[in-house]
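K.L.:
generate a structure from the sequence data that follows.
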Amino acid sequence: DEDKVLEAHHSLDFLLEAETAEDLQGRLDSLSRRGKIDPAFMMMSAKAYAGVRQTDMVEEEVKDVMYHLYQQAKESFLRDTPAEIRILKYVLNLPSLRERRDALREAFTPGANYDAGDSEFLSTTPDALLDV
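P.N.:
Numbering: from 1, shown residues only. Okay, here's the model as predicted:
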């Protein structure tokens, strides 16, 4: 959708106008709270990072800033993804049917959703998973 790409372009411009790393982070948090870190924005920021990474005409500092921006946006995007989508992605990437069944059984066990460093603990209901 052209409108989404144009909005993503404006969001990226908004971020690149930041004068400090703290300002950049604040702007990124603001975009995230407003739901502006979407697939169109992720595509735009990935292309921008790839563009600066593949040239020797850009200072390393600019490449580092673009990498940081992309990584932060990616983390924000993943954090905003509903638990049911994250559960489905995890389950579908398991190699065996038995592991998938066990993972679903565990996901349907009620509990608090939380992040413990390298691991996420998510739960849902069968109805919520079907609504995705």
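
K.L.:
which other residues reach the lengthiest helix in the chain?
P.N.:
Taking residue count as the measure and DSSP state H as the definition, the longest helix of the chain comes out as helix 60-79. Where contact means Cβ atoms under 8 Å, 6 or more residues apart in numbering, the residues beyond helix 60-79 that reach it are 15, 21, 24-25, 28-29, 31-32, 37-39, 41-42, 45-46, 48-49, 52-53, 86. Just so you know, the C-beta spots here come from the backbone N, C-alpha and C atoms, and that holds for glycine as well.

K.L.:
quick one, strands of the chain?
P.N.:
Using DSSP state E, the strands of the chain run over residues 114-116, 119-121.

K.L.:
lowest confidence element among the helices and strands of the chain?
P.N.:
The helix or strand of the chain with the poorest confidence is strand 114-116; it has a mean of 73 (mean pLDDT, DSSP states H and E).

K.L.:
appreciated, that's everything.
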